[in-house]
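Participant: requesting a structural model of the entry that follows:
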Amino acid sequence: MKHLVLIFTLLMTAVPALAVQPDEVLPDAAMEARAREISKGLRCLVCRNENIDESNADLARDLRLLVRERLVEGDSNEQVVDYVVDRYGEFVLLKPTLTGANKLLWVAGPLMLLAALFVGINFVRRRQNESDVAELTPEEQARVEAIMKD
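Facilitator: Now for the predicted structure:
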């Protein structure tokens, strides 16, 4: 049983390496390495949190071919990424840039955490300042004393 689990685990970790098909590989090893590096930073639009280098989706294959096509045409790595971003939007990047509207998204999380801490601390302080024990009227006090004597 242990051997079966080991074999299954090894097969599952090797599956992403099979995403790039042999017909996609460039003959120039240096250019293929550049293509792989670029592909690892681009998100598969079908699989969401998987890069196109590891995805078996048809769209990921199209993107891998597009990256290789742009490299063959002589584009630099940055030009290839810019071309893909212009075509598909910044969502295609696995690590979005810290520019424009993205600044708001990067800052929103910590700001909401600070706001929640501020509200929570104020709530606790107000609760501590309030008197939880209500003053009893003389009639209520006499009734409590009568009950306690019995």
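
Participant: just want the phi and psi numbers for the residue nearest the centre of the chain.
Facilitator: Nearest to the mean C-alpha position of the chain, by Cα atoms, centre = their mean, lies residue 49 at 7.6 Å. Note on residue 49: its backbone torsions stand at phi -100, psi 40 [degrees, to the nearest 10].

Participant: what's the average pLDDT for stretch 56-73?
Facilitator: Mean pLDDT, stretch 56-73: 90.

Participant: mind checking how far it is from the chain centre?
Facilitator: Distance of stretch 56-73 from its chain centroid, counting by Cα atoms, centre = their mean, to the nearest Å, is 24 Å.

Participant: which residues sit against it?
Facilitator: Defining contact as Cβ atoms under 8 Å, 6 or more residues apart in numbering, one finds that stretch 56-73 is touched by 18-21, 24, 26, 31, 34-35, 38-39, 42, 44-47, 50, 52-53, 79-80, 83-84, 88, 92. All C-beta atoms are positioned from the backbone trio N, CA, C, and that covers glycine.

Participant: and if you look at stretch 88-108?
Facilitator: For stretch 88-108, contacts defined as Cβ under 8 Å, 6+ apart pick out 40, 41, 42, 43, 45, 49, 51, 63, 81, 84, 85.

Participant: what about the first one, neighbour count?
Facilitator: So that's residue 40. Residue 40: 12 surrounding residues under other Cβ atoms under 10 Å.

Participant: before we move on, what about the last one?
Facilitator: In terms of burial, residue 85 registers 16 neighbours under the definition other Cβ under 10 Å.

Participant: quick one, helices of the protein?
Facilitator: 2-14, 29-39, 58-72, 77-88, 101-129, 138-149 (DSSP state H).

Participant: show me how far the fourth one is from its chain's centre.
Facilitator: Relative to the chain's own centre, helix 77-88 is displaced by 21 Å; criterion: Cα atoms, centre = their mean.
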